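**Q** Return atomic coordinates for the entry below.
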Amino acid sequence: MSEEGLPISSSDEASTVKRRLRDRGQQVLRGQVSVWDLVLISAVLSVLAVSGLASIRDVDLYWHVVIGDQLLSSWWPATYDPISYTDAQAWYPGAWATEVVYAEVVRIAGFAGIAWLRFLLVGIFLTSLALMLRRRSSPWAAFLVFSAAAIPLFDAYQDRPQLVSLVLLVPLAAALQRALEGATPPSIWVIALYTWVWANVHGLWIMVPAICVLIAVSSQIGSQRGRASPYPWLIRGLVAWVAAGLTPFTFHVWLTPFSIASAASEIAEWQPLSVAVPSAWALVFLAIIYLVTVARSKSRVPGNELLVVVALLLFGALLTRNAAVAAVLVAGIVAARVDHTFGHFRAQITVPAVIVPVVSALLLVTAATNYARESAIPERLPIAVADSLAAREGTTRVLSAYGLSGFLRQFGGDGVRVAIDGRTDRYGAETIGRHFDFQMGLPGWEKYLQSTDPDVIVLGEDMPVVQLLVQSGDWTISDQDGSVVVLEPATPG
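**A** Residues are numbered from 1 along each chain as shown. Here you go, the predicted structure:
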């Protein structure tokens with residue numbers, strides 16, 4: 001019925017709906033938004049665009065793809081290793097679901113598809129982080145903390161399973177912040193499902209029970225007796241631990257985070273955090289912002305919050321690899337504290353709402369263009385060497401630089417087996433250390449060479465052992481691709 005009480009046709013109804021939608025759209029376009037919201041959106045898309053300026057950087061990606069292929073073809077072999085020919089302790093994939101996805105993406109779209117997968121994951125991470133900060137603080141505080149946390153973490157936006165963990169860290173950070181504010185713990189079933197999914201994609205699932213325990217401990221700081229029970233969070237931590245063990249590789253998933261930590265002492269990202277590492281600046285910036293807000297706060301900062309922030313900052317400083325994790329987890333707490341301390345500062349500057357979609361579209365196109373221009377295979381990697389290995393008949397045992405092994409195995413094909421690759425927990429710190437000593441030509445390199453007994457050696461030409469191998473007369477340079485040389489026995493057999 002019309003406003004006059006007369007019947008109207010369906011076409012009239014449609015036109016009425018269209019008119020209302022048009023009027024609503026015009027109202028939105030004529031509306032105003034905070035300039036800080038616009039700046040926050042621009043920051044999200046700018047970081048996404050800049051992260052697409054670098055081609056595939058993480059050389060571990062290639063052996064992850066090999067593992068994914070193996071899992072898709074015949075699950076995980078119990079009798080042989082699909083990458084290495086040397087003996088080592090038993091190894092089980094700790095990120096099998098991500099590796100399967102990598103393998104499928106490469107099969108469908110090649111390695112260029114991996115870059116687009118990174119585009120998607122980085123976009124989800126940055127957007128969810130910005131939304132989390134925005135929900136818990138004012139626009140300007142969200143922008144300040146987002147810039148301090150997300151921009152220095154540029155090195156963490158790589159093609160590796162840990163990028164999936166960065167996405168999964170944001171809900172955990174939000175739950176941590178709500179817990180500090182006294183919110184009811186999430187459902188046990190939600191915690192169980194969340195951890196189970198995470199345990200299938202990457203070893204950082206261990207942060208779920210760890211954060212549950214941290215919340216339980218912090219709940220007893222500065223609170224009155226009986227005010228907050230730690231048991232709900234302790235129970236959820238236990239449930240999370242059990243849920244991780246329900247993955248296809250069962251209890252091996254429980255051991256993976258600890259076995260990697262104990263075996264990776266020779267790897268740079270497992271060294272104590274250095275201020276020379278970009279991700280370290282995220283922690284430095286967040287720590288400075290938090291200290292300033294605490295110093296300027298007119299009210300007493302809760303002891304449980306201080307305990308959590310200090311614990312996370314120390315965790316981030318413990319290892320280079322921890323910095324990004326700690327920055328994400330502490331960002332929401334810092335933003336809320338900034339808003340609480342400087343809540344009187346409310347920027348009233350606004351801009352027309354129509355600017356938001358225009359700016360967003362321009363930056364999004366720029367980001368997509370940067371990713372489209374990426375080289376699927378970085379020029380620094382010796383693709384010609386891999387092709388020559390692929391052309392050989394039978395199995396070729398390759399002793400290569402630590403960072404080249406996965407690449408040579410992926411592009412050299414099933415006939416290539418390497419002496420060592422990026423799976424730190426398979427080889428252990430001692431073996432990895434011996435390999436690095438070999439590359440440097442340190443005493444004992446001959447013994448390591450004899451123990452690995454390779455058919456081919458592939459190393460950077462600047463490695464000291466290359467000259468020692470040639471001088472020995474037993475090895476000769478047979479090929480070179482850029483700065484990478486191939487050495488073969490001077491006397492066949």
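
**Q** and residue 50, what does it touch?
**A** By CB atoms under 8 Å, 6 or more residues apart in numbering, the contact set of residue 50 is 154, 370. (Glycine included, C-beta is placed from N, CA and C.)

**Q** mind checking pLDDT for it?
**A** Note for residue 50: predicted pLDDT of 86.

**Q** gap between the residue nearest the centre of the chain and residue 58?
**A** Note on the chain: the residue nearest the mean C-alpha position is residue 163, at 2.2 Å, using CA atoms, centre = their mean. Residue 163 sits 9 Å away from residue 58, going by CB to CB, to the nearest Å.

**Q** would you list every one of the strands in the stretch 351-493 of the chain?
**A** Secondary structure of the stretch 351-493 of the chain (DSSP state E, counting those that start in this stretch): strands at 396-400, 416-418, 456-460, 475-481, 484-489.

**Q** Burial check on the residue nearest to residue 86 when sequence neighbours are not counted, number of neighbours?
**A** Of all residues not flanking residue 86 in the chain, residue 419 sits nearest, at 5.2 Å (CB to CB, 6 or more residues apart in numbering). Neighbours of residue 419 under the rule other CB atoms under 10 Å: 24.

**Q** still on that earlier bit, residue 237 is nearest to which of the strands of the stretch 351-493 of the chain?
**A** Nearest to residue 237 among these is strand 416-418 (38.7 Å), distances taken as CB to CB.

**Q** show me where the stretch 301-450 of the chain has helices.
**A** 303-318, 323-341, 355-372, 383-390, 405-412, 424-439, 445-452 (DSSP state H, counting those that start in this stretch).

**Q** By mean pLDDT, show me the worst of these.
**A** Among those, helix 355-372 carries the lowest mean pLDDT (a mean of 86).

**Q** which helices and strands sit right next to the helix ranked longest in the chain?
**A** Looking across the chain with DSSP state H, the single longest helix is helix 96-136. Counting contacts by 3 or more CB pairs under 8 Å, 6 or more residues apart in numbering; DSSP states H and E, helix 96-136 packs against helix 35-50, helix 61-74, helix 139-150, helix 161-180, helix 188-201, helix 323-341, helix 355-372.

**Q** Spit out the contact partners of residue 221.
**A** Here residue 221 is in contact with 303, 304, 306, 307 (criterion: CB under 8 Å, 6+ apart).

**Q** which two from these end up farthest apart in space?
**A** 304 and 306 (7.4 Å).

**Q** Please identify which of those two sits among more neighbours.
**A** Comparing residue 304 with residue 306 by other CB under 10 Å, the one with more neighbours is residue 304, at 21 against 15.

**Q** That one contacts residue 214, doesn't it?
**A** No. If you go by CB atoms under 8 Å, residue 304 and residue 214 don't touch, sitting 9.7 Å apart.

**Q** From residue 484, how far out is residue 194?
**A** 43 Å.

**Q** What of residue 246?
**A** For residue 246, the distance to residue 484 - CB to CB - is 43 Å.

**Q** of the two, who's got more company?
**A** Set residue 246 next to residue 484 and count neighbours by other CB under 10 Å: residue 484 wins out with 21 against 13.

**Q** still on that earlier bit, ok, now which ones touch the residue nearest to the centre of the chain?
**A** Residue 163 neighbours (CB under 8 Å, 6+ apart): 118, 121, 122, 125, 156, 157.

**Q** Residue 40: which of these is nearest?
**A** Nearest to residue 40 among the contacts of residue 163, with distances taken as CB to CB, is residue 125, at 14.8 Å.

**Q** wait, that closest one sits on residue 167?
**A** Yes. In this structure residue 125 lies within contact range of residue 167 using CB under 8 Å: 4.8 Å.

**Q** Tell me which of those two has more neighbours.
**A** Taking neighbours as other CB under 10 Å, residue 125 and residue 167 compare with residue 125 leading, 27 against 21.

**Q** What is the neighbour count of residue 433?
**A** 14.

**Q** Any idea which of the helices and strands packed on helix 96-136 gets closest to residue 415?
**A** helix 61-74 (12.8 Å).

**Q** And that closest one, what does it pack against?
**A** By 3+ CB pairs under 8 Å, 6+ apart, helix 61-74 packs against helix 96-136, helix 405-412.

**Q** Can you say which of those is packed in most?
**A** Highest mean neighbour count among the helices and strands packed on helix 61-74 (mean count of other CB atoms under 10 Å): helix 405-412, with a mean of 25.

**Q** Which strands and helices lie in contact with that helix?
**A** Applying 3+ CB pairs under 8 Å, 6+ apart, we find helix 405-412 packed against helix 61-74, helix 383-390, strand 396-400, strand 416-418.
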